[in-house]
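J.: no sequence for this one, just the structure:
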């Protein structure tokens with residue numbers, strides 16, 4: 001029996017589609033918060049811009065916005081109004097801190113600490129064993145990396161030290177979540193090799209490896225989560241003024257890629273890699289040292305450059321991508337621009353301050369953090385639509401011998417992460433779906449193992 005129910009969501013720009021199927025004892029609820037944007041040259045309006053003295057890090061399916069103030073999470077509604085502050089991580093980072101929010105509403109904090117600290121039930125000690133004496137002697141004063149995971153109610157789930165290569169120069173420089181629930185952390189180690197560390201969803205250190213690309217990098221390591229077996233990373237070499245379209249694998253291997261130049265000391269190191277399901281990575285920078293040769297490149301991960309497009313005379317960097325395959329760049333002049341997957345400029349606008357972080361929600365809106373500490377919501381492109389996750393009986397949807405099947409309908413070329421739950425509390429990823437024809441069928445073979453299962457698209 002098939003019964004469609006349409007319920008307006010709390011978000012002003014989306015609908016929640018719930019469709020219930022009763023067959024063979026399985027109850028499946030399919031929830032879709034999805035968008036499909038049509039390319040427009042028109043600059044979208046800024047819906048709001050505010051300063052809450054915190055750093056943007058996440059958005060949910062209701063366009064609630066999450067910002068981190070050194071362990072405290074400030075939540076803003078879709079209108080940019082703060083309505084909740086949760087004090088989660090009691091240990092302030094002595095270097096810039098990175099926060100994440102996973103599919104189940106848990107929060108992660110990664111940064112640096114020293115001395116003896118209580119993370120909310122777990123004591124960790126920062127410092128280093130110095131080998132300048134024999135035997136080695138424990139010495140304070142050397143910042144140590146940490147990562148801690150908290151439930152949405154503030155309960156500490158786990159916390160761990162992150163040991164780097166040498167004393168005094170280990171700095172956590174980025175963190176990213178992966179579809180399997182693990183979290184990857186990037187560390188740069190001053191004049192030694194940068195490192196990437198991967199922790200499981202329960203806090204186990206899965207692997208920790210060094211990059212042997214630039215032995216004297218002296219700059220941050222930025223990274224993205226895994227798509228399949230590869231994740232993208234930018235390793236900034238401040239000494240040489242070079243950044244590479246590098247990548248790491250789910251097994252911990254690191255590989256370098258084609259590089260571009262950047263201006264050391266500039267906001268260029270705010271760049272964050274954007275990867276595609278086709279195993280590609282975007283990189284922006286200078287084709288030659290010095291101004292005037294800015295390019296945007298699309299590179300096959302572990303391979304060659306697919307294309308390179310000139311993007312003007314201003315130093316620019318990649319910030320984020322969206323479900324349509326578009327990529328967003330910012331520049332030192334305060335510009336913020338959208339390019340399509342072929343490197344064609346869609347629109348550009350100047351916001352009087354360079355952007356240092358950005359992300360997109362399922363409705364196609366852009367959340368942007370600027371260097372002046374303001375956060376803005378830039379509207380979706382004109383004509384943006386909300387795709388549907390639904391049942392198509394004519395296409396064979398419903399219970400099949402392979403599992404439960406349903407359909408994603410959206411603009412051709414868009415891609416989404418499908419997530420599921422059996423209890424509305426813990427969500428798991430079913431992987432990424434790319435709908436090359438406008439409709440993609442999704443099959444969950446695990447559905448028959450549960451009395452109910454619910455699906456939606458990840459924000």
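T.: Right, received. Where do you want to start? Because the structure is predicted, anything quoted here is derived from the model rather than measured.
J.: can we go C-alpha only for contacts and neighbour counts from here?
T.: Will do.
J.: what about stretch 284-294, start to end distance?
T.: In stretch 284-294, first residue to last residue: 7 Å (CA to CA, to the nearest Å).
J.: and stretch 96-110, by the same measure?
T.: End-to-end distance of stretch 96-110 (CA to CA): 9 Å.
J.: now that stretch, how far from the centre of its chain.
T.: 10 Å (CA atoms, centre = their mean, to the nearest Å).
J.: now that stretch: mean pLDDT?
T.: Confidence for stretch 96-110, expressed as mean pLDDT, is 95.
J.: now do that stretch: everything it contacts.
T.: Around stretch 96-110, the neighbours that count as contacts under CA atoms under 8 Å, 6 or more residues apart in numbering are 57-58, 68, 70-71, 89, 111-112, 145-152, 172-177, 181, 185, 419, 425-428, 458.
J.: mind showing which ranges of the stretch 101-250 of the chain have poor pLDDT?
T.: By pLDDT under 70, the low-scoring segments of the stretch 101-250 of the chain are 129-142, 164-169, 190-192, 212-218.
J.: the strands in it, which residues?
T.: 107-113, 115-118, 123-126, 128-130, 137-139, 144-150, 156-162, 171-177, 183-188, 195-199, 205-210, 221-227, 230-237, 242-249 (DSSP state E, counting those that start in this stretch).
J.: looking at those strands, which is nearest to residue 451?
T.: Across the strands of the stretch 101-250 of the chain, residue 451 has its closest neighbour in strand 156-162 (28.0 Å, CA to CA).
J.: okay, angle between the closest one and strand 195-199 too, please.
T.: Here strand 156-162 points in a direction 150 degrees away from that of strand 195-199 (axes from the mean of the first three to the mean of the last three CA atoms, to 10 degrees).
J.: using TSV, lay out the strands of the stretch 101-250 of the chain together with distance to residue 320.
T.: Converted to TSV, the strands of the stretch 101-250 of the chain look like this (distance: least, CA to CA, whole Å):
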stretch	distance to residue 320
strand 107-113	20
strand 115-118	34
strand 123-126	33
strand 128-130	36
strand 137-139	40
strand 144-150	23
strand 156-162	27
strand 171-177	13
strand 183-188	17
strand 195-199	20
strand 205-210	25
strand 221-227	10
strand 230-237	12
strand 242-249	15
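J.: turn those strands into CSV, including mean neighbour count.
T.: Converted to CSV, these look like this (neighbours: other CA atoms under 10 Å):
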stretch, mean neighbour count
strand 107-113, 26
strand 115-118, 14
strand 123-126, 17
strand 128-130, 17
strand 137-139, 12
strand 144-150, 25
strand 156-162, 20
strand 171-177, 25
strand 183-188, 27
strand 195-199, 23
strand 205-210, 17
strand 221-227, 25
strand 230-237, 27
strand 242-249, 24
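J.: out of the ones you listed, flag the one nearest residue 45.
T.: strand 221-227 (27.9 Å).
J.: mind listing what the closest one pairs with, with the direction of each?
T.: Strand pairing for strand 221-227, using DSSP bridges, gives strand 230-237 (antiparallel).
J.: the strand it pairs with versus strand 242-249: what angle between them?
T.: Using the same axes, to 10 degrees, strand 230-237 lies at 150 degrees relative to strand 242-249.
J.: what sits against residue 305?
T.: By CA under 8 Å, 6+ apart, the contact list for residue 305 reads 258, 297, 298, 299.
J.: at 7 Å instead, please
T.: 297, 298, 299 (CA atoms under 7 Å, 6 or more residues apart in numbering).
J.: what do you get for residue 318?
T.: Going by CA under 7 Å, 6+ apart, residue 318 touches 271, 272, 273, 283, 284, 328, 329, 330.
J.: look up how far residue 206 lies from the first one.
T.: When distance is defined by CA to CA, residue 271 is 26 Å away from residue 206.
J.: quick one: end-to-end distance for stretch 119-126.
T.: End to end - CA to CA - stretch 119-126 spans 12 Å.
J.: tabulate the contacts of residue 305 (a markdown table), appending distance to residue 387.
T.: Formatted as a markdown table, the contacts of residue 305 follow (distance: CA to CA, whole Å):
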| residue | distance to residue 387 |
| --- | --- |
| 297 | 29 |
| 298 | 27 |
| 299 | 29 |
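J.: I'd like to know which of those are part of strands.
T.: Among those, the residues falling in strands (DSSP state E) are 297, 298, 299.
J.: only the buried subset of those, as a ChimeraX command please.
T.: Selection of buried members from the ones in strands among the contacts of residue 305 for ChimeraX, criterion 16 or more other CA atoms under 10 Å:
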select :297,298,299
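J.: closest to residue 436 out of the ones in strands among the contacts of residue 305?
T.: residue 298 (19.5 Å).
J.: in three-state terms, label residue 430 for me.
T.: Classification of residue 430 into helix, strand or coil gives strand, according to DSSP: H, G, I helix; E, B strand; the rest coil.
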